[in-house]
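Asker: okay, here's the prediction I keep looking at, along with the sequence it came from:
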Amino acid sequence: MIKVLKPQKGPQEAFLATPADIAIYGGAAGGGKSYALLLEAARHTGNPKFGAVIFRRQSIQITQEGGLWDTSTEIYGGLAVPRTSPRRFWRFRSGAKVNFAHIDGDKDLNGWQGSQIALIGYDELTHFTKHQFFYMMSRNRSACGIKPYIRATCNPDSDSWVAEFIGWWIDPQTGYPIPERSGKIRYMARKNEEIVWADTPEDLVSQGIDRTEIKSVTFIASTINDNKILLANDPSYLANLKSLPLVERERLLNGNWKIKPAAGMYFKRIQVGEMLTALPGDVILWARGWDLAATGEDENGDPAYTAGVLIGKRRNGRYIVADVINKRLTASEVRKLILMTAQTDRAAYGRVIQRLPQDPGQAGKEQAQSYTRMLSGFLVKVIPESGSKESRAEPFAAQWQAGNVDVLTAEWNEMYFNQLESFPEGKFKDMVDAGSSGFNEIENGATYSAPPSENRLGRSSYWR
């Protein structure tokens, strides 16, 4: 049986058809980006001297469930033989190879000195630095008779160098790709470390640039709506994207390259489901997230707060914020507060998980052990948290924006709402961090990590 590999009609087909030296594809989640990149790498596998390398920022992103290697197996299986040492690659019958590698930092670039790579691919280009991209361009050489070229995929990131690089293809007012420019080719060269752009090679030559230094570039936009196969096989994925909080929804669903977190974009008080005057009787799980500080009110001029936010999940799937603590205390007072709160929570609510953050390094481990001993007999987790405050807040913000979070009427309401609405621009984020921790404990029971892909929740669990 002959295996037929072909792109879907539309942007994916345009990506595989473009003659540009550098083509960047995607700009939203679910557009079939990785699949298209792997199809492109299979184009010249009848050439025994052909070699391609597809990069991810971290090696685990290649082998994770449903990641690049799994997808390559669907495409190349039966056509080539997989190898896993010294790195993962596929060897085709002709001798051609498609390799997978990572560039986790500039130190990894030295390993590519002297390499000649006909096709360089980047899965999620915004995860790489500008220096890494242009250094590896010097390795984009060919001795196999195929003109060397670069293909890349990406999701929008307004702070990345890629946003500026593809700026001509993006509407500066809305942040969305300009439809009529998608797939159009422009020309660039680097002059005095700056990128110079023009509509034709001749325009660059007239500026004194050698024709051999000119590269053709294009950006081809796509969204999940262009991936008919994914929508047919997993229609719930569209619902997943629509359920993201505003900033991530604009980026991953609508392909917005200008959207940035701003005050009020995560939490607004008018988005609260209901203000309850009494606790509902159907709460099935309680967790209090903590954000710790250990400076008294008169120290350092304007010290941080220790915050504890108690969140419950109800049988009907809704959530309730039942109690918020926010105080400036010394280190010893913080310990007393946490112990007293754990005692009060158990008496008032029964089973409550107390979740505390663990600082990095040996000091953080020792502090974690100390709190665990102090809270002996209570349900406690001390967990290293990774990712930005914004990324950790996204799961809770998605439910808040959907009106699925109720709040108990109490004196702390105004203080709490003020900080939520100022996030992430406000100076203090203690209650937001604590609430994010409590919510992620309820839904995930694990450390939350901001992923490179669309998967929004980590899965590693730390019981102390």
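Answerer: Yep, that arrived.
Asker: and for stretch 170-178, what's in contact with it?
Answerer: 27, 156, 158, 163, 169, 219, 221, 250, 254-259 (CB atoms under 8 Å, 6 or more residues apart in numbering). In this view, the C-beta of every residue, glycine as well, is placed from N, C-alpha and C.
Asker: if we use 7 Å, what do you get?
Answerer: Applying CB atoms under 7 Å, 6 or more residues apart in numbering, the contact partners of stretch 170-178 are G27, W169, A221, N254, G255, N256, W257, K258, I259.
Asker: centre of the chain versus it, how much separation?
Answerer: 21 Å (CA atoms, centre = their mean, to the nearest Å).
Asker: start and end of that stretch, how far apart?
Answerer: End-to-end span of stretch 170-178 (CA to CA, to the nearest Å): 6 Å.
Asker: let me see the mean pLDDT of it.
Answerer: The pLDDT scores in stretch 170-178 average 93.
Asker: same check on stretch 130-137?
Answerer: For stretch 130-137, mean pLDDT is 95.
Asker: next, the buried residues of that stretch.
Answerer: Applying a neighbour-count criterion of 16 or more other CB atoms under 10 Å, one finds Q132, F133, Y135, M136, M137 buried in stretch 130-137.
Asker: just those: which are in strands?
Answerer: Among those, DSSP state E puts none in strands.
Asker: so which of those residues belong to helices?
Answerer: Q132, F133, Y135, M136, M137 (DSSP state H).
Asker: export those as JSON lines, with columns for distance to S206.
Answerer: As requested, these are exported to JSON lines (distance: CB to CB, whole Å):
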{"residue": "Q132", "distance to S206": "31"}
{"residue": "F133", "distance to S206": "27"}
{"residue": "Y135", "distance to S206": "28"}
{"residue": "M136", "distance to S206": "29"}
{"residue": "M137", "distance to S206": "23"}
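Asker: of the contacts of stretch 170-178, which is the most crowded?
Answerer: Tallying neighbours with other CB atoms under 10 Å puts G27 at the head of those, with 30 neighbours.
Asker: number of residues surrounding Q362?
Answerer: 8.
Asker: typo on my end, G77
Answerer: Other residues near G77 number 12, with proximity taken as other CB under 10 Å.
Asker: walk me through the domains of this protein.
Answerer: 11-242, 263-444 (automatic domain parsing).
Asker: quick check, nearest of the ones in helices among the buried residues of stretch 130-137 to R346?
Answerer: Q132 (51.2 Å; CB to CB).
Asker: any idea which of the domains of the chain scores lowest on pLDDT?
Answerer: Sorting those by mean pLDDT places domain 263-444 lowest, at a mean of 89.
Asker: what's the most distant pair in the contacts of stretch 170-178?
Answerer: Pairwise distances across the contacts of stretch 170-178 peak at 16.4 Å for W169 and I259 (criterion: CB to CB).
Asker: thought Y135 was touching K107?
Answerer: No. Counting by CB atoms under 7 Å, Y135 does not reach K107; the two are 11.9 Å apart.
Asker: pretty sure V352 sits against W286.
Answerer: Yes. Counting by CB under 7 Å, V352 touches W286, with 4.2 Å between them.
Asker: give me the common contacts of the two.
Answerer: Common contact partners of V352 and W286 (CB under 7 Å, 6+ apart): none.
Asker: now the strands: where do they sit in the stretch 201-350 of the chain?
Answerer: For the stretch 201-350 of the chain, the strands defined by DSSP state E, counting those that start in this stretch occupy 215-221, 275-276, 283-291, 306-314, 319-327.
Asker: show me which positions of the first one end up buried.
Answerer: Read that as strand 215-221. Along strand 215-221, these residues count as buried under the neighbour rule (16+ other CB under 10 Å): K215, S216, V217, T218, F219, I220, A221.
Asker: a markdown table for the residues you listed, including distance to N444?
Answerer: Converted to a markdown table, the buried residues of strand 215-221 look like this (distance: CB to CB, whole Å):
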| residue | distance to N444 |
| --- | --- |
| K215 | 44 |
| S216 | 45 |
| V217 | 40 |
| T218 | 40 |
| F219 | 35 |
| I220 | 35 |
| A221 | 33 |
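Asker: perfect, that will be all.
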